[in-house]
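Engineer: here is a sequence together with a model predicted from it:
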Amino acid sequence: MPGLKDVKEKIKGVKKTAQITKAMNMVASAKLRGAQEKMERFRPYAVKFAEAMRDLSGGMEGNDLPLMEVREVKKVEIVVVTSDRGLCGSFNANIIKTAERLRKQYEAEGKTVSFVTVGKKGTQAFKKSGKLRTQFNDIMGSFQMFNAREISQNITAAFLDGESDQVDIVYGRFYSVAVQRPEREELLPIKPMTGEGEGAPAAAAMSGSYTYEPDPGEIMEVLLPLFLNVQIYHAMLEVGASEHAARMTAMDNATNACKDMITQLTRLYNKARQAAVTSELMDIVGGAEALKG
Amino acid sequence: MAQIHLEVVTPSGAVVSEDVDIVTAPGVGGEFGVLANHAPFLSTIKTGTLSFKKDRISKFLMVTGGFTEVSNNKVTFLVESAEYGQDIDVERALRAKERAEKRLVQAQQAAEKINRVRADAALQRALARIHTAEMARH
C-alpha cells in the first residue's frame, strides 16, 4: 500500500495537469473561432475566383500555358501542410502518414519524390528523410496571403525548371469540430476546369458576351499563379482550423483522463487512510486488552 | 446619376461593398473607368490605385494584383490586398521603396531572376502605396 502522503502529492499533481489541459482547451476553442472566421471571410473570394477560372478555362487546351503543361511524370513534389505545434492528438501524425504512404506509392511507380513542408511538425518528420527540398516554418499562426504567395512562387519555380513534373498537396481538412481528415490534392499542373456544378453551363454561355482585356489566354496567365496562391492559402486555413479543433478534442480527453485518475487516486487515498486508522485502532485495542490482562 | 454596385473582395474579406457613381481601376492594358450599365467585361488588374466616386466624394484604394469582372451593373474586384489611402503608412512605404530599390540593383547585378521579380513587385507595391496615399490627401 503506498504511503498516504505520496498519494496526496500525486492527486495534487494530476489536478494541476487537469487545470492546464482545461485552459489549453479553452484557448484552442477561442482560436478555432478565429480560424473559422478567417475561413468564412475567405470563402467569397475563393468561390468567385473558381467561377472566373471555370468561365475562362472553358476554351483552354491542357498545354496552352506553362503552369498547365502536362509532362510525363518522373518527379513528384509533395507539399505537406501541418501545424507548427503539437499537443493536438494524432492530427499531424495522420497527415504525415498520408504523405508517407503517397511517397511509397509514387516510388513504387518508379518516380522520385521530394518534399516541401509547411509547418514545423512536418519539417521535423521529413528532415531526416533527405528528400526535403524546402521548409516553411512558423507561419501557421498568422495566415498571411504573402506567406502563401511565397510558397507558391517557390514550388512554381521548381515546376517550371523541371525539378518537378507534378506537385501534390497534403493537408488536414476541417470537416467539423470532431472530424478532421488528411486530404490530397493536385496543385500542378493546373487542370482546366470543366463544367462541374450547376452554374457552369449558364456561365459558359454568358461568357461569350464578355469583353476581355487582354485576351482570355493572357488573363489566365495572370490568374493561374494567383489561383495557386488561393489553393495554398485555403489549405493553410483548413490546417489552422483543424489544428485547433484537434487540440480541443485532445485536451478535452486529457482533462477527462485527469478527472478519472483523480477519482481513482482519491479512492486509493481513502483506502490507505482507512487502513491506517484501522491498524491504529487495532493497536490501541490490543494495548488496552493487554493492560486489562 | 445612375449608380453601379462596387465590390472589392480580398482573401481576408470584403473591403468595399456599395453603390458608386464611377470606378477607375489600374488595368493591365492601362487605366480604365466603369460607369453604370457598363457592358460585361473581364480584365486583370495590376498593382496600383483604384478610385471610386460617390456623391462627389472620391475614395482611393491601393490594390495589388487580381482581376475584375463587370456584369449586371455590378463591378467586382478580386485582389490579393486592398488598403484605403488614408490608412497607409507613408513613412513605411518610403522605407520599403528604398529597400526594394536596393534589392533590385543587387538582384540585377547577381542576375537572380526570382529575387529581381520579387524586388520589382515590392517596389511596385511601395510606389502604389505612396501614390494612393498622396491622392487621398488632396
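Structural biologist: Thanks, I have it. Predicted model only: the values in this text are computed from it and were never measured.

Engineer: so where do the strands sit in chain B?
Structural biologist: Under the criterion DSSP state E, strands of chain B are mapped to B:4-10, B:13-20, B:22-27, B:30-34, B:41-45, B:48-54, B:57-63, B:66-71, B:74-79, B:82-84.

Engineer: cool, and the stretch 1-150 of chain A?
Structural biologist: Remark: strands assigned in the stretch 1-150 of chain A by DSSP state E, counting those that start in this stretch are A:75-81, A:112-118, A:132-136.

Engineer: helices of the stretch 51-200 of chain A, start to end?
Structural biologist: Counting by DSSP state H, counting those that start in this stretch, the stretch 51-200 of chain A has helices at residues A:91-108, A:120-126, A:145-160, A:200-207.

Engineer: just say which of those helices is most tucked in.
Structural biologist: Ranked by mean neighbour count, these are led by helix A:120-126 with a mean of 22 (mean count of other Cβ atoms under 10 Å in any protein chain shown). Where you see a C-beta, it was placed from the backbone N, CA and C, and this is true even at glycine.

Engineer: any weak-confidence spans in the stretch 51-200 of chain A?
Structural biologist: A:57-64, A:193-200 (pLDDT under 70).

Engineer: how about the residues of it near chain B?
Structural biologist: Neighbours of chain B within the stretch 51-200 of chain A, by Cβ under 8 Å from any Cβ of the partner chain: A:52, A:55-56, A:145, A:149, A:153, A:157.

Engineer: now the two most distant members of these.
Structural biologist: A:55 and A:157 (28.0 Å; Cβ to Cβ).

Engineer: residue B:75 bridge partners, please.
Structural biologist: Beta bridges link residue B:75 to residue B:6, residue B:70 when assigned by DSSP bridges.

Engineer: can you list the domains in chain B?
Structural biologist: B:4-85, B:89-137 (automatic domain parsing).

Engineer: run the chain-centre distance for the first one.
Structural biologist: Just to be clear, that refers to domain B:4-85. Remark: domain B:4-85 is offset 8 Å from the chain centroid, using Cα atoms, centre = their mean, to the nearest Å.

Engineer: I'd like the average pLDDT over that domain.
Structural biologist: Mean pLDDT, domain B:4-85: 90.

Engineer: so which bits of chain B are right by chain A?
Structural biologist: Counting by Cβ under 8 Å from any Cβ, the residues of chain B close to chain A are B:9-14, B:27-29, B:32, B:39-44, B:65-67, B:69, B:71, B:76, B:78, B:80-81, B:114, B:118.

Engineer: ok, residue 81 - contacts?
Structural biologist: No chain specified, so I'll use chain A. Contacts for residue A:81 (Cβ atoms under 8 Å, 6 or more residues apart in numbering or on different chains) come out as A:95, A:118-119, A:122, A:169-172, A:235-236, A:239.

Engineer: not quite, I wanted chain B
Structural biologist: Residue B:81 makes contact with A:145, B:10, B:63-64, according to Cβ under 8 Å, 6+ apart.

Engineer: likewise residue A:98?
Structural biologist: Neighbour list for residue A:98: A:170, A:182, A:184 [criterion: Cβ under 8 Å, 6+ apart].

Engineer: among those, who's most crowded?
Structural biologist: Neighbour counts for the contacts of residue A:98, by other Cβ atoms under 10 Å in any protein chain shown, peak at residue A:170, which reaches 26 neighbours.

Engineer: can you list contacts of the longest helix seen in chain B?
Structural biologist: Counting residues, the longest helix in chain B under DSSP state H turns out to be helix B:113-137. Helix B:113-137 is contacted by residues A:153, A:157, B:46-49, B:51, B:59-64, B:83-86, B:88, B:90, B:93-94, B:96-97, B:99-101, B:103-104, B:106-108 when judged by Cβ under 8 Å, 6+ apart.

Engineer: please indicate which of the residues of chain B next to chain A are buried?
Structural biologist: Neighbour counting with 16 or more other Cβ atoms under 10 Å in any protein chain shown marks B:9-12, B:27, B:32, B:41-44, B:65-67, B:69, B:71, B:76, B:78, B:80-81, B:118 as buried within these.

Engineer: which one of the domains of chain B has the most crowded surroundings?
Structural biologist: The most buried one of these (mean count of other Cβ under 10 Å) is domain B:4-85, showing a mean of 18.

Engineer: who's the closest spatial neighbour of residue B:16, skipping the chain neighbours?
Structural biologist: Spatial nearest neighbour of residue B:16, excluding adjacent residues (Cβ to Cβ, 6 or more residues apart in numbering or on different chains): residue B:8 at 4.1 Å.
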